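> next one to model:
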Amino acid sequence: MSRINQINPENASGKTKELLDTVKSKLGLVPNMTRAMANSPAVLEGYLGFSGALTKGSLSAKIREQIALAVSEANGCDYCLAAHSAIGKMFGLTPEQIRDSRQGTAIDHKTDVLIRFARKVVDTHGRVSNSDVDEVRSAGFDDGVIAEVVANAALSIFTNYFNNAVETDIDFPQAPALDLELATTA
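Predicted coordinates:
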């Protein structure tokens with residue numbers, strides 16, 4: 001059970017209602033995470049602004065979801081693992097790609113470099129090495145992509161910490177435990 005109130009969009013007013021209506025118009029539903037964030041319109045607006053801006057970057061939706069899965073697994077966020085597994089499927093990720101992303105890898109070399117870099121950002125609290133950055137560049141990516149990977153990792157860290165702290169009620173199909181998933185796909 002969530003530690004904080006999850007605002008019902010039908011009972012919201014003012015800025016809170018406006019923001020929740022925006023979420024519903026974009027997604028067709030209002031996830032519990034955004035309902036919980038709506039306790040502070042500043043938090044919800046910040047989240048929507050940051051995530052919206054990143055959709056305009058050069059990383060594809062699939063890669064953004066793969067990064068979110070890798071970071072969410074590293075941070076043990078069950079809510080985000082459930083959400084990004086479901087959303088990742090909507091963007092065409094296979095069960096194997098979802099599993100690999102959660103493990104911090106990918107079969108495709110270029111995607112693998114980005115996911116591993118995102119995990120290094122998390123694991124080192126942003127203190128990646130010169131060789132980590134050089135590896136991304138050697139795979140053919142520019143500084144803009146490096147910045148976007150860091151930003152997407154940071155966005156996921158924010159949502160992971162938020163959901164872990166408030167214990168948001170999961171309203172997506174539960175993501176299987178990684179060890180169980182490996183046993184059933186191996």
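> and the residue nearest the centre of the chain?
When Cα atoms, centre = their mean is applied to the chain, the residue found nearest the centroid is Ala68 (3.2 Å).
> and the protein, what are its domains?
Domain segmentation of the chain under automatic domain parsing yields 9-54, 61-185.
> tell me what the longest helix out of those in the chain is packed against?
In the chain, taking DSSP state H as the definition, the longest helix is helix 143-166. In terms of contacts (3 or more Cβ pairs under 8 Å, 6 or more residues apart in numbering; DSSP states H and E), helix 143-166 is packed against helix 32-37, helix 41-54, helix 61-74, helix 78-90, helix 109-123, helix 130-138. Where you see a C-beta, it was placed from the backbone N, CA and C, and this is true even at glycine.
> pLDDT below threshold where in this structure?
180-186 (pLDDT under 70).
> so Ile98 is in contact with Met90, correct?
No - contact status for Ile98 versus Met90: not in contact, 11.6 Å apart, counting by Cβ atoms under 8 Å.
> more neighbours: the two, which one.
Ile98 (22 against 9; other Cβ atoms under 10 Å).
> what residues are up against the more buried one?
Going by Cβ atoms under 8 Å, 6 or more residues apart in numbering, Ile98 touches 69, 85, 88-89.
> likewise Gly76?
Residues in contact with Gly76 (Cβ under 8 Å, 6+ apart) are 160, 164.
> gap between it and Leu178?
According to Cβ to Cβ, to the nearest Å, Gly76 and Leu178 sit 11 Å apart.
> next: Thr159.
Distance of Thr159 to Leu178, computed by Cβ to Cβ: 19 Å.
> quick one: which of those two has more around it?
Higher neighbour count among Thr159 and Leu178: Thr159, with 24 against 13, using other Cβ under 10 Å.
> ok, that one to Ser131 distance?
The spacing between Thr159 and Ser131, counted by Cβ to Cβ, is 29 Å.
> which residues touch stretch 18-28?
Here stretch 18-28 has contacts from 7, 9, 12, 30-31, 34-35, 38, 41, 44-45, 48, using Cβ under 8 Å, 6+ apart.
> hmm, try it at 10 Å
The contact list for stretch 18-28 (Cβ atoms under 10 Å, 6 or more residues apart in numbering) reads 7-12, 29-31, 33-35, 37-38, 41-45, 47-48, 52, 55, 87.
> swap in stretch 158-165?
For stretch 158-165, contacts defined as Cβ under 10 Å, 6+ apart pick out 2-4, 32-33, 36-37, 43, 46-47, 50-51, 68, 71-84, 122, 168-170.
> in ChimeraX, select just the buried ones from these.
Buried subset of the contacts of stretch 158-165, written as a ChimeraX selection, criterion 16 or more other Cβ atoms under 10 Å:
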select :2,32,33,36,37,43,47,51,68,71,72,73,74,75,77,78,79,80,81,82,83,84,122,168,170
